[in-house]
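Chemist: Sequence plus the predicted model coming up.
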Amino acid sequence: MSEQRKLVLATYDLCGVCAMPFRDELRWQVTFDDQLQHMGETPTFNEAPVHEVCALYAAQVCPFVSSPHARLGDAQRKGQRRAETLVLAGFDSTAAVYGHDSELQVGKSILMFDMAGLRRTHRLTGADDARQVYEAALRDEVPIQLDDAERRIVDLLCAPTPEEGEDSGAVMAGATWFIGAAFCPQICQVQAMKKFAEAKDDLYLQLAANFLFEPDMMAKWEDASDASTAAAVSWFRTRESLPGVLQQWRVAGARRVRDSRGRRPRISDAAIVPQRDEAAIRRRQEAESALRKGRRKKR
(Lines give C-alpha, C1' and ligand atoms only; values in the text may rest on other atoms or scores of the structure.)
Protein backbone atom coordinates (compact mmCIF):
# COMPACT_ATOMS: atom_id res chain seq x y z
CA MET A 1 0.00 0.00 0.00
CA SER A 2 1.35 3.45 -0.91
CA GLU A 3 2.24 5.99 1.76
CA GLN A 4 -0.19 8.47 0.19
CA ARG A 5 -3.05 6.01 0.54
CA LYS A 6 -2.07 5.31 4.14
CA LEU A 7 -2.24 9.05 4.84
CA VAL A 8 -5.75 9.23 3.38
CA LEU A 9 -6.88 6.28 5.50
CA ALA A 10 -5.43 7.86 8.65
CA THR A 11 -6.98 11.26 7.97
CA TYR A 12 -10.52 10.03 7.41
CA ASP A 13 -10.19 7.08 9.84
CA LEU A 14 -10.84 4.41 7.21
CA CYS A 15 -10.18 0.66 7.07
CA GLY A 16 -7.07 -0.41 5.17
CA VAL A 17 -8.97 -3.18 3.36
CA CYS A 18 -12.49 -1.98 2.55
CA ALA A 19 -11.84 1.79 2.89
CA MET A 20 -15.04 2.21 4.94
CA PRO A 21 -14.99 4.28 8.16
CA PHE A 22 -14.42 2.90 11.62
CA ARG A 23 -17.32 3.33 14.02
CA ASP A 24 -17.48 1.62 17.41
CA GLU A 25 -15.49 -1.48 16.49
CA LEU A 26 -11.95 -2.42 17.42
CA ARG A 27 -9.13 -1.71 14.97
CA TRP A 28 -7.14 -4.74 13.95
CA GLN A 29 -3.51 -5.27 13.01
CA VAL A 30 -1.59 -8.33 11.83
CA THR A 31 1.43 -9.47 13.82
CA PHE A 32 3.03 -12.54 15.38
CA ASP A 33 2.90 -13.65 18.99
CA ASP A 34 6.57 -13.09 19.76
CA GLN A 35 6.41 -9.58 18.29
CA LEU A 36 3.26 -8.56 20.16
CA GLN A 37 4.72 -9.59 23.51
CA HIS A 38 7.57 -7.11 23.13
CA MET A 39 5.73 -4.13 21.68
CA GLY A 40 4.66 -2.40 24.90
CA GLU A 41 1.38 -0.64 25.62
CA THR A 42 1.25 1.22 22.30
CA PRO A 43 2.52 -1.17 19.63
CA THR A 44 3.67 0.37 16.36
CA PHE A 45 2.74 -0.97 12.92
CA ASN A 46 3.63 0.13 9.41
CA GLU A 47 0.16 -0.54 7.97
CA ALA A 48 -3.22 1.05 8.54
CA PRO A 49 -5.62 -0.83 10.84
CA VAL A 50 -8.60 -2.75 9.47
CA HIS A 51 -12.04 -3.94 10.55
CA GLU A 52 -12.20 -7.33 12.27
CA VAL A 53 -14.23 -8.95 9.51
CA CYS A 54 -11.77 -7.57 6.93
CA ALA A 55 -8.80 -8.97 8.87
CA LEU A 56 -10.46 -12.38 9.12
CA TYR A 57 -11.32 -12.34 5.43
CA ALA A 58 -7.70 -11.54 4.57
CA ALA A 59 -6.63 -14.38 6.86
CA GLN A 60 -8.39 -16.75 4.45
CA VAL A 61 -7.42 -15.33 1.06
CA CYS A 62 -4.16 -13.37 1.40
CA PRO A 63 -1.25 -15.73 0.58
CA PHE A 64 0.98 -14.30 3.31
CA VAL A 65 -1.66 -14.15 6.03
CA SER A 66 -3.51 -17.38 5.26
CA SER A 67 -0.59 -19.81 4.93
CA PRO A 68 1.87 -20.85 7.66
CA HIS A 69 4.24 -21.74 4.81
CA ALA A 70 4.38 -18.17 3.46
CA ARG A 71 7.76 -16.52 3.17
CA LEU A 72 8.84 -12.94 3.71
CA GLY A 73 9.62 -10.86 0.64
CA ASP A 74 11.44 -7.72 1.81
CA ALA A 75 15.11 -7.31 0.90
CA GLN A 76 16.46 -8.05 4.37
CA ARG A 77 14.39 -11.17 5.07
CA LYS A 78 13.56 -12.48 1.62
CA GLY A 79 12.90 -16.20 1.64
CA GLN A 80 12.53 -16.50 5.41
CA ARG A 81 9.48 -18.45 6.49
CA ARG A 82 6.96 -16.48 8.55
CA ALA A 83 6.15 -17.56 12.11
CA GLU A 84 3.69 -20.45 12.20
CA THR A 85 1.07 -18.73 14.36
CA LEU A 86 -0.33 -15.46 13.10
CA VAL A 87 -1.95 -13.03 15.53
CA LEU A 88 -4.75 -10.64 14.65
CA ALA A 89 -4.74 -8.00 17.39
CA GLY A 90 -7.76 -5.78 18.09
CA PHE A 91 -7.20 -2.35 19.65
CA ASP A 92 -9.48 0.34 21.03
CA SER A 93 -7.97 3.13 18.98
CA THR A 94 -5.26 4.45 16.72
CA ALA A 95 -3.16 6.45 19.18
CA ALA A 96 -0.95 8.31 16.70
CA VAL A 97 0.24 8.38 13.09
CA TYR A 98 3.58 9.91 12.10
CA GLY A 99 6.51 9.64 9.73
CA HIS A 100 9.46 7.48 10.80
CA ASP A 101 12.53 5.81 9.32
CA SER A 102 11.67 2.40 7.92
CA GLU A 103 13.45 -0.55 9.51
CA LEU A 104 13.20 -2.54 6.28
CA GLN A 105 13.74 0.13 3.61
CA VAL A 106 17.09 1.74 4.35
CA GLY A 107 17.09 5.49 3.83
CA LYS A 108 13.32 5.77 3.50
CA SER A 109 10.70 7.14 5.85
CA ILE A 110 7.18 5.75 6.04
CA LEU A 111 4.01 6.35 8.02
CA MET A 112 3.73 4.43 11.27
CA PHE A 113 0.59 3.70 13.28
CA ASP A 114 0.66 3.51 17.08
CA MET A 115 -2.22 1.46 18.47
CA ALA A 116 -3.66 1.68 21.99
CA GLY A 117 -5.83 -0.52 24.19
CA LEU A 118 -5.27 -4.14 23.15
CA ARG A 119 -8.59 -5.89 23.79
CA ARG A 120 -8.72 -9.14 21.88
CA THR A 121 -6.62 -11.41 19.72
CA HIS A 122 -7.15 -14.21 17.22
CA ARG A 123 -4.29 -16.71 17.01
CA LEU A 124 -4.41 -18.46 13.66
CA THR A 125 -2.27 -21.06 11.94
CA GLY A 126 -4.09 -21.03 8.61
CA ALA A 127 -7.21 -20.23 6.64
CA ASP A 128 -9.31 -22.93 8.32
CA ASP A 129 -8.75 -21.38 11.74
CA ALA A 130 -9.93 -18.01 10.47
CA ARG A 131 -13.07 -19.35 8.80
CA GLN A 132 -15.02 -20.16 11.98
CA VAL A 133 -14.35 -16.81 13.64
CA TYR A 134 -15.00 -15.02 10.34
CA GLU A 135 -18.45 -16.58 10.08
CA ALA A 136 -19.31 -15.43 13.62
CA ALA A 137 -18.02 -11.94 12.89
CA LEU A 138 -19.96 -11.82 9.63
CA ARG A 139 -23.21 -12.71 11.42
CA ASP A 140 -22.69 -9.83 13.84
CA GLU A 141 -21.62 -7.32 11.23
CA VAL A 142 -23.81 -4.24 11.05
CA PRO A 143 -23.87 -2.42 7.69
CA ILE A 144 -22.01 0.87 7.89
CA GLN A 145 -24.28 3.77 7.04
CA LEU A 146 -22.51 6.61 5.26
CA ASP A 147 -23.59 10.20 4.95
CA ASP A 148 -23.19 11.95 1.61
CA ALA A 149 -19.77 13.43 2.42
CA GLU A 150 -18.40 10.09 3.60
CA ARG A 151 -19.78 8.36 0.53
CA ARG A 152 -17.91 10.81 -1.73
CA ILE A 153 -14.63 10.07 0.05
CA VAL A 154 -15.08 6.29 -0.07
CA ASP A 155 -16.19 6.31 -3.72
CA LEU A 156 -13.17 8.37 -4.75
CA LEU A 157 -10.73 6.21 -2.83
CA CYS A 158 -12.16 2.95 -4.18
CA ALA A 159 -12.01 4.03 -7.82
CA PRO A 160 -8.87 4.54 -9.93
CA THR A 161 -8.00 8.02 -11.14
CA PRO A 162 -10.13 8.88 -14.23
CA GLU A 163 -7.28 9.59 -16.64
CA GLU A 164 -4.32 7.50 -15.48
CA GLY A 165 -6.24 4.59 -13.96
CA GLU A 166 -3.96 4.67 -10.92
CA ASP A 167 -4.49 4.56 -7.15
CA SER A 168 -6.62 7.54 -6.13
CA GLY A 169 -4.77 7.73 -2.82
CA ALA A 170 -1.89 9.50 -4.55
CA VAL A 171 -4.23 12.35 -5.55
CA MET A 172 -6.42 12.41 -2.46
CA ALA A 173 -3.40 12.76 -0.17
CA GLY A 174 -2.91 16.35 -1.32
CA ALA A 175 -6.40 17.30 -0.20
CA THR A 176 -5.80 15.76 3.23
CA TRP A 177 -2.91 18.19 3.71
CA PHE A 178 -5.33 21.09 3.44
CA ILE A 179 -7.57 19.86 6.26
CA GLY A 180 -4.79 18.98 8.68
CA ALA A 181 -2.50 16.19 7.46
CA ALA A 182 0.14 18.85 6.73
CA PHE A 183 0.78 18.83 10.49
CA CYS A 184 1.28 15.08 10.81
CA PRO A 185 4.60 14.70 12.70
CA GLN A 186 7.58 14.16 10.38
CA ILE A 187 5.29 14.01 7.34
CA CYS A 188 7.82 15.95 5.27
CA GLN A 189 10.40 13.18 5.79
CA VAL A 190 8.20 10.64 4.02
CA GLN A 191 9.56 10.50 0.46
CA ALA A 192 6.15 9.99 -1.09
CA MET A 193 5.02 13.34 0.34
CA LYS A 194 7.81 15.43 -1.19
CA LYS A 195 5.59 16.92 -3.90
CA PHE A 196 3.31 18.35 -1.23
CA ALA A 197 6.07 19.37 1.18
CA GLU A 198 8.08 21.10 -1.55
CA ALA A 199 5.21 22.68 -3.48
CA LYS A 200 5.72 26.20 -4.80
CA ASP A 201 5.17 28.89 -2.14
CA ASP A 202 4.41 26.16 0.42
CA LEU A 203 0.92 25.97 -1.07
CA TYR A 204 -0.31 22.96 0.91
CA LEU A 205 1.09 24.09 4.26
CA GLN A 206 -0.11 27.67 3.78
CA LEU A 207 -3.65 26.57 2.98
CA ALA A 208 -3.65 24.22 5.97
CA ALA A 209 -2.52 27.08 8.23
CA ASN A 210 -5.11 29.47 6.77
CA PHE A 211 -7.86 26.93 7.37
CA LEU A 212 -6.79 26.66 11.01
CA PHE A 213 -7.23 30.40 11.47
CA GLU A 214 -10.33 30.80 9.32
CA PRO A 215 -12.17 27.50 8.82
CA ASP A 216 -15.04 29.35 7.14
CA MET A 217 -12.67 30.01 4.24
CA MET A 218 -13.16 26.37 3.31
CA ALA A 219 -16.68 27.02 2.04
CA LYS A 220 -15.50 28.35 -1.32
CA TRP A 221 -13.46 25.18 -1.87
CA GLU A 222 -16.50 22.90 -1.74
CA ASP A 223 -17.01 23.62 -5.44
CA ALA A 224 -13.35 23.16 -6.37
CA SER A 225 -12.70 21.60 -9.77
CA ASP A 226 -10.48 19.00 -8.11
CA ALA A 227 -12.85 16.29 -6.86
CA SER A 228 -10.57 15.24 -4.00
CA THR A 229 -10.34 18.78 -2.62
CA ALA A 230 -14.08 19.39 -2.93
CA ALA A 231 -14.83 16.09 -1.19
CA ALA A 232 -12.30 16.71 1.60
CA VAL A 233 -13.65 20.16 2.39
CA SER A 234 -17.26 19.00 2.30
CA TRP A 235 -16.43 16.11 4.61
CA PHE A 236 -14.58 18.37 7.04
CA ARG A 237 -17.31 21.01 7.18
CA THR A 238 -20.03 18.45 7.92
CA ARG A 239 -18.30 16.68 10.84
CA GLU A 240 -19.62 17.21 14.36
CA SER A 241 -16.24 16.02 15.64
CA LEU A 242 -13.08 14.82 13.95
CA PRO A 243 -11.25 11.49 14.11
CA GLY A 244 -8.72 11.47 16.92
CA VAL A 245 -5.61 11.31 14.74
CA LEU A 246 -6.66 14.21 12.51
CA GLN A 247 -7.58 16.27 15.56
CA GLN A 248 -4.14 15.58 17.06
CA TRP A 249 -2.50 16.87 13.90
CA ARG A 250 -4.58 20.04 13.90
CA VAL A 251 -3.85 20.72 17.57
CA ALA A 252 -0.14 20.27 16.81
CA GLY A 253 -0.49 22.64 13.87
CA ALA A 254 -2.17 25.26 16.04
CA ARG A 255 0.89 25.23 18.29
CA ARG A 256 3.21 25.77 15.32
CA VAL A 257 1.61 28.53 13.28
CA ARG A 258 1.11 32.24 14.01
CA ASP A 259 -0.69 35.02 12.19
CA SER A 260 0.88 38.40 11.36
CA ARG A 261 0.22 39.54 14.94
CA GLY A 262 1.80 36.50 16.50
CA ARG A 263 -1.49 34.92 17.52
CA ARG A 264 -2.25 31.22 17.44
CA PRO A 265 -5.43 29.76 15.96
CA ARG A 266 -8.07 28.62 18.41
CA ILE A 267 -9.40 25.15 17.80
CA SER A 268 -11.27 22.62 19.90
CA ASP A 269 -9.37 19.53 21.00
CA ALA A 270 -12.54 17.42 20.96
CA ALA A 271 -12.39 14.17 19.03
CA ILE A 272 -14.73 11.26 18.36
CA VAL A 273 -15.09 8.85 21.29
CA PRO A 274 -16.52 5.57 19.94
CA GLN A 275 -19.03 3.47 21.87
CA ARG A 276 -18.51 -0.29 21.86
CA ASP A 277 -21.15 -2.91 21.06
CA GLU A 278 -20.52 -5.12 24.10
CA ALA A 279 -23.07 -7.77 23.05
CA ALA A 280 -21.32 -8.29 19.72
CA ILE A 281 -17.95 -8.50 21.47
CA ARG A 282 -19.26 -11.24 23.78
CA ARG A 283 -20.52 -13.24 20.82
CA ARG A 284 -17.11 -13.02 19.13
CA GLN A 285 -15.41 -14.15 22.33
CA GLU A 286 -17.73 -17.17 22.52
CA ALA A 287 -16.82 -18.07 18.93
CA GLU A 288 -13.12 -17.81 19.77
CA SER A 289 -13.61 -20.00 22.85
CA ALA A 290 -15.35 -22.65 20.74
CA LEU A 291 -12.47 -22.54 18.26
CA ARG A 292 -9.90 -23.10 21.01
CA LYS A 293 -11.89 -26.02 22.42
CA GLY A 294 -12.07 -27.57 18.96
CA ARG A 295 -8.29 -27.34 18.63
CA ARG A 296 -7.75 -29.07 21.97
CA LYS A 297 -10.06 -31.94 20.97
CA LYS A 298 -8.08 -32.47 17.75
CA ARG A 299 -4.93 -32.87 19.80
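Modeler: Great, that's in hand.
Chemist: For the closest residue to Leu26 other than its chain neighbours, give me its contacts.
Modeler: If the residues on either side of it in the chain are set aside, Leu26 comes closest to Gly90, at 3.6 Å by Cβ to Cβ, 6 or more residues apart in numbering. Where you see a C-beta, it was placed from the backbone N, CA and C, and this is true even at glycine. Counting by Cβ atoms under 8 Å, 6 or more residues apart in numbering, Gly90 makes contact with Leu26, Arg27, Trp28, Glu52, Leu118, Arg119, Arg120, Thr121.
Chemist: hmm, 6 Å instead?
Modeler: Taking Cβ atoms under 6 Å, 6 or more residues apart in numbering, we find Gly90 in contact with Leu26, Trp28, Arg119, Arg120.
Chemist: Run the chain-centre distance for the helix or strand where it lies.
Modeler: In the assignment (DSSP states H and E), Gly90 maps to strand 86-101. Here strand 86-101 is found 8 Å from its chain centre; the criterion is Cα atoms, centre = their mean, to the nearest Å.
Chemist: and it, which strands flank it?
Modeler: strand 27-32 (antiparallel), strand 109-124 (antiparallel) (DSSP bridges).
Chemist: mind checking pLDDT for Val273?
Modeler: Note on Val273: pLDDT of 43.
Chemist: Just give me the neighbour total for Asp24.
Modeler: Asp24 has 14 neighbouring residues, counting by other Cβ atoms under 10 Å.
Chemist: Distance check, the nearest residue to Met193 once chain neighbours are set aside against Glu163.
Modeler: Nearest residue to Met193, sequence neighbours excluded (Cβ to Cβ, 6+ apart): Ile187, at 5.6 Å. Applying Cβ to Cβ, to the nearest Å, the value for Ile187 to Glu163 is 26 Å.
Chemist: between the two, who's got more neighbours?
Modeler: Taking neighbours as other Cβ under 10 Å, Ile187 and Glu163 compare with Ile187 leading, 24 against 6.
Chemist: how close does that one get to Thr176?
Modeler: Ile187 is 10 Å from Thr176, by Cβ to Cβ.
Chemist: and if you look at Trp28?
Modeler: For Trp28, the distance to Thr176 - Cβ to Cβ - is 23 Å.
Chemist: ok so Asp202 is a helix residue?
Modeler: Yes. Using DSSP: H, G, I helix; E, B strand; the rest coil, the secondary structure at Asp202 is a helix.
Chemist: number of nearby residues for it?
Modeler: Neighbour number of Asp202 under other Cβ under 10 Å is 14.
Chemist: cool, the one 10 residues further on as well?
Modeler: By the measure other Cβ under 10 Å, the count of residues near Leu212 is 23.
Chemist: which residue packs closest to it, ignoring adjacent ones?
Modeler: Leaving out its chain neighbours, the residue that sits closest to Leu212 by Cβ to Cβ, 6+ apart is Pro265, at 4.0 Å.
Chemist: Same check on Leu7?
Modeler: Ala173 (4.9 Å).
Chemist: Now the element after the one helix or strand that neighbour maps to, going C-ward?
Modeler: Here Ala173, judged by DSSP H and E, is contained in helix 169-179. Downstream of helix 169-179, the first helix or strand assigned by DSSP H and E is helix 194-197.
Chemist: which residues are in contact with that next one?
Modeler: Under Cβ under 6 Å, 6+ apart, the answer for helix 194-197 is Gly174, Trp177, Cys188, Tyr204.
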